[in-house]
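# Pasting the sequence and the predicted model now:
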Number of protein chains: 2
Amino acid sequence: MRLSTKGRYAVTAMMDIALHQRVGPVTLADISQCQGISLSYLEQLFAKLRKGGLVEGVRGPGGGYRLARPANQISVADIIQSVDEKLDMTKCGGRGNCSQGEKCLTHQLWFELSCNLYRFLSEIKLDQYVNRPDINELVKKQDIQYGRFLNRPQAIA
Amino acid sequence: MRLSTKGRYAVTAMMDIALHQRVGPVTLADISQCQGISLSYLEQLFAKLRKGGLVEGVRGPGGGYRLARPANQISVADIIQSVDEKLDMTKCGGRGNCSQGEKCLTHQLWFELSCNLYRFLSEIKLDQYVNRPDINELVKKQDIQYGRFLNRPQAIA
DNA sequence: TAAATTCCTGACTAATTTAGTCAGGAATTA
DNA sequence: TAATTCCTGACTAAATTAGTCAGGAATTTA
């Protein structure tokens, strides 16, 4: 069982945006450099996040992406599902027709696993991590290392 | 996030064996036909399950595979890990060097998810499902449909 | 209005993983 | 000795993931 980088990248990028909310929109170029994710690939992911209603794009200089709703209303489950990762572990998509129209031997097991997983991830909202001191330490370090937001008046205020 | 058929097949096959424990060893040919899994592919999986110490092979006519230890001591986590599926969702394998030698922004998140997942799956033992009436119903149906164990004296006793 | 910046889109390619095939050998039982 | 079944390794096909590339659209700033 694995999490593809697709889901991992999406959550990381969203976290980056959430952590810089007060600074204003965050560019994909910044996220790309800072988190080590290909820019073109990020663009693909953000097309989905936008369709999923999680972010808003702001074009032009000074633009970037920002959260479409407050960080405490965006869960990790929302993000992962937006980029097409399923949280459903059943073979049949929960329909119960996995073995010749009937439930297979392990249907119940995967179903319960999926519920557990979904419950866990949908209870974690972005703001929980944004408010953690250890995470904020990390971000500050990164920002300095890459000289982010030096050209943004808002960032200083 | 997804569970590959590798893990799903392995757990299904193990469940099949556990459910027929009293009948004796179960052949891969039977599992293949009954659960709709390619025989050659099953053989690959069982090579790993054997190396993982979860099953024992019995060669020759009347042979097959049986559990290497009691069903209440084999967890779903054991099975999945035996066939090389990881339950670790971190990028770094838990080492914490995901972002230039340091923990990445989302390290903690994936780490906690992995713990949750592992805890859940390692608490589910095969015997829990073996003792469920609904599952036993299913198996009985399957056995009749495919005429399994008609040639086994033990099965009748 | 022109130039710079940034989002935005779609088509394409490369790499990896998953799933499955095939051929043949080894042990065991009857 | 013949049948059955495990057991192994090498190979192939399909799917998914990850990433590239080229170019256009909107917006801001000078």
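Cool, got the structure.
# Make sure I have this right: residue A:61 is in a helix.
No. Counting by DSSP: H, G, I helix; E, B strand; the rest coil, residue A:61 is located in no helix; its state is coil.
# what's the burial count for it?
Residues within reach of residue A:61, counting by other CB atoms under 10 Å in any protein chain shown, total 6. No exception for glycine: its C-beta is placed from N, CA and C like everyone else's.
# Chain A: strands as residue ranges?
For chain A, the strands defined by DSSP state E occupy A:55-58, A:64-67.
# what about the residue sitting furthest away from the middle of chain A, distance to DNA strand D?
No residue in chain A sits farther from the centre than residue A:100, which is 36.8 Å out by CA atoms, centre = their mean. Distance from residue A:100 to DNA strand D, counting by CB to the nearest atom of the strand, to the nearest Å: 20 Å.
# can you check residue A:35 too?
Where DNA strand D is concerned, residue A:35 sits at a distance of 11 Å (CB to the nearest atom of the strand).
# Tell me the pLDDT of that residue.
Predicted confidence (pLDDT) for residue A:35: 94.
# quick one: contacts for the residue in chain A that DNA strand C sits nearest to?
Closest residue of chain A to DNA strand C, CB to the nearest atom of the strand: residue A:57 (2.3 Å). Counting by CB atoms under 8 Å, 6 or more residues apart in numbering or on different chains, residue A:57 makes contact with A:46, A:50, A:63-65.
# could you redo the last one with a cut-off of 7 Å?
Residues near residue A:57 by CB atoms under 7 Å, 6 or more residues apart in numbering or on different chains: A:50, A:65.
# Report the separation between it and residue A:36.
From residue A:57 across to residue A:36, the span is 22 Å (CB to CB, to the nearest Å).
# how about low-confidence regions in chain A?
Within chain A, the segments meeting pLDDT under 70 span A:152-157.
# Residues of it that sit close to DNA strand D?
Contact residues (CB under 7 Å from any atom of the strand) of chain A with DNA strand D: A:4-6, A:9, A:37-41, A:43-44, A:59-63, A:84-85.
# among these, which are within reach of chain B?
residue A:85 (CB under 7 Å from any CB of the partner chain).
# Select only the buried ones of the residues of chain A next to DNA strand D in PyMOL?
PyMOL command restricting the residues of chain A next to DNA strand D to the buried ones, with burial defined by 16 or more other CB atoms under 10 Å in any protein chain shown:
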select buried, chain A and resi 6+9+37+85
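# ok now do residue A:25, which residues does it touch?
So residue A:25 contacts A:58, A:63-66 (CB under 7 Å, 6+ apart).
# Format those as a markdown table; extra columns: distance to residue A:141.
Listed next are the contacts of residue A:25 as a markdown table, based on distance: CB to CB, whole Å:
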| residue | distance to residue A:141 |
| --- | --- |
| A:58 | 26 |
| A:63 | 25 |
| A:64 | 21 |
| A:65 | 22 |
| A:66 | 23 |
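# Return the two entries of the residues you listed that lie farthest from one another.
Distance extremes for the contacts of residue A:25: the farthest pair is A:63 and A:66 at 9.5 Å, using CB to CB.
# quick revisit: any idea how far the residue farthest from the centre of chain A lies from chain B?
Separation of residue A:100 from chain B (CB to the nearest CB, to the nearest Å): 8 Å.
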